[in-house]
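*Asks:* turn this into a structure:
(chains A and B)
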There are 2 protein chains.
Amino acid sequence: MTSADWIGLLAGTLTTAAFVPQVIKIWRTKHAGDLSTYMFVIFTVGVALWLWFGVVTASLPVIVANSVTLVLSVLILAMKFHYRK
Amino acid sequence: MTSADWIGLLAGTLTTAAFVPQVIKIWRTKHAGDLSTYMFVIFTVGVALWLWFGVVTASLPVIVANSVTLVLSVLILAMKFHYRK
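*Replies:* Alright, predicted model coming up:
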């Protein structure tokens, strides 16, 4: 692991972990009306492309971080759909 | 530009552009109560670290994408604070 890999893993841990409190908040409040559906649809497609970028450049932190972020982003979209009015 | 750079730039464009509809939605509704403050604080710190990762690895798409995402993420936090109840 290079120092760049460590910075990337820390960065990826934070930008991935960030979505956990949002998942918890939606689950608790059963409400996600203020979240933009466009945001999470575009973001999910973008994260899938970052994953591809990580594979092509053989960058471990990019692959790991975006795999988990993809799952959380899809989960938020599913919860937003589930709890829609 | 390698093909990896192009994939990264497309990915970065999407994960960055994704925050624009969220900014517009908050600005229109003057409401961001369902957004998790923890999410955007943690995410902002993470994006700053991705920017650092991009500089260290001299990765143009990572630098460009995360610079703009950082601005949008801070803007969303500021709007959430401004429109709090």
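*Asks:* so where do the helices sit in chain A?
*Replies:* A:3-17, A:19-29, A:37-56, A:60-82 (DSSP state H).
*Asks:* looking at the ones you listed, which is closest to B:Gly12?
*Replies:* Closest to B:Gly12 of the helices of chain A is helix A:37-56 (Cβ to Cβ; 7.5 Å). In short, each C-beta sits where N, CA and C put it, glycine included.
*Asks:* what's in contact with that closest one?
*Replies:* Residues outside helix A:37-56 that contact it (Cβ atoms under 8 Å, 6 or more residues apart in numbering or on different chains): A:59-63, A:66-67, A:69-70, A:73-74, A:76-77, A:80, B:3-4, B:7-8, B:10-19, B:21-22, B:25, B:61.
*Asks:* at 6 Å what do you get?
*Replies:* Here helix A:37-56 makes contact (Cβ atoms under 6 Å, 6 or more residues apart in numbering or on different chains) with A:62-63, A:66, A:69-70, A:73-74, A:76-77, B:4, B:7-8, B:10-11, B:14-15, B:18, B:21-22.
*Asks:* tell me the mean pLDDT over it?
*Replies:* Regarding helix A:37-56, the rounded mean pLDDT is 95.
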